[in-house]
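Enquirer: How does the following fold in three dimensions:
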Amino acid sequence: MILTRKFVIKLSVPLALLTALTITGCASSPPQASFSTTPAPQAQIDANDTVTVTLEANNDVVIERHERERLTDRILRQINTQKSESGTTGSQKSYAVDVVLSQYERGNAFARFMLAGLGQIHIEGNVTVYELPARTKVSAFEIEKTFAWGGYYGGSTRIDDVEPAFAEGIATAVTNPKDIARSDKDD
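Expert: Down below sits the predicted model:
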């Protein structure tokens, strides 16, 4: 079978787009924070700081105890990983990172498999960072992660596959002032 040049061009564009989208993998890309209180550079969590994370959910949000513990642990581990990479910039401080989930939707894998956009996974929360022991508010932001791919990728992705990206978005917002400055310009 001989393929015409026009047919190959028509076929290659969608295939290239599909390949690019598959490689980037929406489930693993961290979200950007939307700050209501932007932290000062000296309030960034760095390598010598100690951090505690608490995670709560609004009354209308359904999250099982093991899911809450898993997500809290992921956020703390991601903060600790990123703060160790940021170096030491000042005296040792202690911070409390409070996360309040406003949405935690597991979605529907079958619906995602059938059509992208249906049965989406969605995690959304409000994060407030306090400097301890005075519990002085140093930053506050909203962050959300949505996954709505279709096909096999969408049907096989679960909420615990999306949680690491959500945790990474929070960790970046509290440990990396360069990324915060960039996200403020984007909003």
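
Enquirer: rest of the way, CA atoms for contacts and neighbours
Expert: Noted.

Enquirer: bridging residues for residue 100?
Expert: residue 56, residue 126 (DSSP bridges).

Enquirer: Can you name every helix or strand that whichever helix in the chain runs longest contacts?
Expert: Ordering each helix of the chain by length in residues (DSSP state H) puts helix 65-86 first. Judged by 3 or more CA pairs under 8 Å, 6 or more residues apart in numbering; DSSP states H and E, helix 65-86 is in contact with strand 50-57, helix 159-175.

Enquirer: now the angle between strand 50-57 and it, please.
Expert: Computed by axes from the mean of the first three to the mean of the last three CA atoms, to 10 degrees, the angle separating helix 65-86 from strand 50-57 equals 150 degrees.

Enquirer: Could you give me the buried positions within helix 65-86?
Expert: For helix 65-86, a neighbour-count test (16 or more other CA atoms under 10 Å) marks 68, 71-80, 82-84, 86 as buried.

Enquirer: re the thing from before, single out the most deeply packed of the helices and strands packed on helix 65-86.
Expert: Highest mean neighbour count of the helices and strands packed on helix 65-86: helix 159-175, a mean of 23 (counted as mean count of other CA atoms under 10 Å).

Enquirer: And the most centrally placed residue in the chain, how close does it get to residue 104?
Expert: With distances taken as CA atoms, centre = their mean, the chain has residue 166 as the residue nearest its mean C-alpha position (2.1 Å). Remark: distance between residue 166 and residue 104 (CA to CA, to the nearest Å) = 11 Å.

Enquirer: overlap in contacts of the two?
Expert: Applying CA atoms under 8 Å, 6 or more residues apart in numbering, one finds that residue 166 and residue 104 are jointly contacted by residue 123.

Enquirer: Angles on the backbone of residue 44, please.
Expert: phi -80, psi 140 (degrees, to the nearest 10).

Enquirer: Contact partners for the residue lying closest to it once chain neighbours are set aside?
Expert: The shortest distance from residue 44 to any non-neighbouring residue, by CA to CA, 6 or more residues apart in numbering, is to residue 175 (5.3 Å). Applying CA under 8 Å, 6+ apart, we find residue 175 in contact with 44, 45, 46, 79, 82, 83, 86.
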